[in-house]
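*Asks:* quick check, what structure comes out for this input:
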Amino acid sequence: MNVTDVFLLIIRWIHLVSAAAWVGGGIFYLVVLRPAQRRSASDSTECTKSVFASAATEFRALVDTCIIVLLATGIILTLNRLTPGIVGVPYVIVLGVKIALSTWMFVLARGRRRRTPLMEAYAERAEVPQTRLGRAAHAISGYNSLVILGIVVFLVSDLMKVLFELALAG
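*Replies:* Reported below is the predicted structural model:
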């Protein structure tokens, strides 16, 4: 293993840890923190509100860091895979899909952040739709869509690994 291989191994590891932290944190938020926040809504003490607000602030800082790290390491990894000319068109197409989905995630994350407390106070609280299609659309919107996209990006990354290994073998 030469220095370049070690460097790329570290870059891949940092890329993976950043993605796992963001998506894993999102899953934690959806499965643990948000239900706890809803249950404690009746106990709306300042301390409870402060804990959830602090958690949101810390997670926002984590997401910002992850986005920067993912962009930097993603560029390095993309250049590393594309410059030798080993990969074929299917790999490039799947890479394009991954970049598009990741960009969509970044835009959604930034868009959610621009909401101010004042905007939240005046936002209409829509009722959960009663139809199956409406409930399904509601379930995959908002923050849920970020987590779903993150999981899909992980799947696409695995597909890219398989395509790269096939290109090396062929």
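*Asks:* okay, now residue 103: neighbour count?
*Replies:* 11 (other C-beta atoms under 10 Å). C-beta coordinates here come from the backbone N, C-alpha and C atoms, glycine included.
*Asks:* ok, the one 4 residues further on next?
*Replies:* Here the number of neighbours of residue 107 (other C-beta under 10 Å) works out to 10.
*Asks:* contacts for the host helix or strand of it next, please.
*Replies:* Using DSSP states H and E, residue 107 maps to helix 89-113. Residues outside helix 89-113 that contact it (C-beta atoms under 8 Å, 6 or more residues apart in numbering) are 60, 63, 67, 70-71, 74, 78, 81-82, 143, 145-146, 149-150, 152-153, 156-157, 159-160, 163-164, 167.
*Asks:* hey, where'd the helices end up in the protein?
*Replies:* For the chain, the helices defined by DSSP state H occupy 3-28, 34-39, 46-82, 89-113, 117-122, 132-139, 143-169.
*Asks:* could you dump the ones you listed to JSON lines with mean pLDDT?
*Replies:* What follows is the helices of the chain, written out as JSON lines (pLDDT from 0 to 100):
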{"stretch": "helix 3-28", "mean pLDDT": "95"}
{"stretch": "helix 34-39", "mean pLDDT": "82"}
{"stretch": "helix 46-82", "mean pLDDT": "89"}
{"stretch": "helix 89-113", "mean pLDDT": "90"}
{"stretch": "helix 117-122", "mean pLDDT": "47"}
{"stretch": "helix 132-139", "mean pLDDT": "68"}
{"stretch": "helix 143-169", "mean pLDDT": "92"}
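*Asks:* still on that earlier bit, distance from the chain centre to the helix holding residue 107, please.
*Replies:* Put simply, helix 89-113 sits 10 Å off its chain's centre (C-alpha atoms, centre = their mean, to the nearest Å).
*Asks:* name the residues of it that are buried.
*Replies:* 91, 94, 95, 98, 101, 102, 105, 106, 109 (16 or more other C-beta atoms under 10 Å).
*Asks:* okay, how far is it across stretch 111-131, tip to tip?
*Replies:* Start-to-end span of stretch 111-131 (C-alpha to C-alpha, to the nearest Å) is 28 Å.
*Asks:* just the buried members of the contacts of helix 89-113?
*Replies:* For these, buried by 16+ other C-beta under 10 Å: 63, 67, 70, 74, 81, 146, 149-150, 153, 156-157, 159-160, 163-164, 167.
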